[in-house]
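Q: Test case, fold it:
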Amino acid sequence: MAFLRRYTVELAVTLAVLAGSVVVSLGGSDEPPRNAVIGWVCAVLACAALFLRRRYPLPVAVFTAACCAIYYPQTDPDGFVLLAFAFALYNNASTGRIRSAAVVAAASMGGVAIGEAQARTARQVDNFAFLLMAGWFVALVAVGAVTYYRREAEHTKEAEAQRRAADERLRIARELHDVLGHNLALINVQAGAALHGKDPAKSEEALTTIKQTSKEALRELRATLGLLRQADTPSLAGVAELAESASAHGLTVRTEIDGTARDLPPDVEHAAFRVVQEALTNVARHAAADTVVVRIGYTDHDVSVQIDDDGRGGAAKPGNGIRGMTERAEALGGELTASAREDGGFRVRARLPSRAAT
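A: Numbers count the residues shown, from 1 in each chain. Model prediction:
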């Protein structure tokens, strides 16, 4: 059954060629067929070659053309071997070998023209049949080319859909990492303070902060899972809330604005917000800092966000956070650097074009 499914077209063409040849040979002529053995050998070989068309499309087209070149001058009456060549010609064009298919078709017609010009007896192909055959070959090559380009367009469309799906999955992964990583890191800090603190009042304050932070995390998570709708996309206007949230967890966060604030494309606003969020998360988790300065700078061509802390500094630890920030910036045609400061602490700086790159 697998063989039948794979070679359905080849079997159909073979059946048509052989059945047609039988009908023609028994077509009521009083004279016996001329060179019947040669004719049947050519017919069988041409049909057998079709089963190799997927692996060797051009050689099969040339071989079936050669079978026709032997079959028609040598046998009488004519059968349907030309059908095998027509299918091989179409197959060659439909696999993208359009030029070679056109060359084989032109060479075949040239061979027919030369053969007819040198025929010692009456012509086997009159002018009308010759033009009809030429038009048929041209149509086969054209249809094969259309089939090929249509298939390529479908493959390109499918590949583009897969790429978009992969980009969307990556975007959702970044969103989840930013939302959960930021809030869970702050919850972890406060939970540690509540667990090891000896002052009941401070422990109660830490638990209250945990409750508020977890509520905020759930709100952002619902917004993120709600297909990341554009209307829910965070922006630089939310940096003040990030600073307030970080301040509630023991950090002193100061926000500075350089230049004149203005509206930016949503994806630029979103990326800048997430860079600030991730940088504050890393400060809370790793820096052991007391003070953080978030500086937002606007120019005519870009916007920059810079996050400086007075923590322990050192080399950045490899992880999803910095990699995610870098990918966000580069996806918009910008850049991001993360490194220790010379006077201590750590700095994250991202520059994003005011108009996101395509």
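
Q: Now for residue 339, which secondary structure element holds it?
A: Here residue 339 sits within strand 335-340, counting by DSSP states H and E.

Q: Measure how the helix or strand just after that strand sits relative to strand 335-340, angle-wise.
A: Scanning forward in sequence from strand 335-340 by DSSP H and E, the next helix or strand is strand 346-353. Per axes from the mean of the first three to the mean of the last three C-alpha atoms, to 10 degrees, the angle that strand 346-353 makes with strand 335-340 is 170 degrees.

Q: Tell me which other helices or strands strand 346-353 touches.
A: In terms of contacts (3 or more C-beta pairs under 8 Å, 6 or more residues apart in numbering; DSSP states H and E), strand 346-353 is packed against helix 266-282, strand 302-309, helix 320-331, strand 335-340. Quick note: C-beta positions are derived from backbone N, CA and C, even for glycine.

Q: Identify the residues contacting the shortest one?
A: Contacts with strand 335-340, where a contact means C-beta atoms under 8 Å, 6 or more residues apart in numbering, come from 275, 313-316, 322, 325-326, 328-330, 346-351.

Q: Let me see the mean pLDDT of that strand.
A: The pLDDT scores in strand 335-340 average 92.

Q: Next, the angle from it to helix 266-282.
A: Using the same axes, to 10 degrees: strand 335-340 against helix 266-282 is 10 degrees.

Q: Would you give the sheet partners of strand 335-340, along with the direction of each?
A: strand 346-353 (antiparallel) (DSSP bridges).

Q: How far off centre is the strand it pairs with?
A: Put simply, strand 346-353 sits 30 Å off its chain's centre (C-alpha atoms, centre = their mean, to the nearest Å).

Q: cool, and stretch 203-212?
A: With C-alpha atoms, centre = their mean, you get 46 Å for stretch 203-212.

Q: same deal with stretch 88-106?
A: 29 Å.

Q: how long is it end to end?
A: 14 Å (C-alpha to C-alpha, to the nearest Å).

Q: what about the strands in the stretch 151-300 of the chain?
A: Taking DSSP state E, counting those that start in this stretch, the strands of the stretch 151-300 of the chain run over residues 252-258, 291-298.

Q: I'd like the C-alpha coordinates of stretch 154-165 written as CSV, please.
A: Provided in CSV are the C-alpha atoms of stretch 154-165 (Å, rounded to 0.1, in the frame of the first residue of the first chain):
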residue,chain,number,x,y,z
GLU,A,154,3.9,28.0,0.2
HIS,A,155,7.1,26.8,1.8
THR,A,156,8.2,30.4,2.3
LYS,A,157,4.9,31.3,3.9
GLU,A,158,5.1,28.3,6.1
ALA,A,159,8.7,29.1,7.1
GLU,A,160,7.7,32.7,7.8
ALA,A,161,4.8,31.5,10.0
GLN,A,162,7.2,29.2,11.9
ARG,A,163,9.7,32.0,12.4
ARG,A,164,6.9,34.3,13.7
ALA,A,165,5.7,31.6,16.0
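
Q: contact partners of it?
A: Contacts for stretch 154-165 (C-beta under 8 Å, 6+ apart): none.

Q: Could you give the average pLDDT over it?
A: In the prediction, stretch 154-165 has an average pLDDT of 81.

Q: same thing with stretch 116-132?
A: 71.

Q: Stretch 316-327 too?
A: The model assigns stretch 316-327 a mean pLDDT of 77.

Q: Wait, residue 185 touches residue 281, no?
A: Yes: using C-beta atoms under 8 Å, residue 185 is in contact with residue 281, at 4.8 Å.

Q: so what sits against both of these two?
A: Contacts common to residue 185 and residue 281, judged by C-beta under 8 Å, 6+ apart, are absent.
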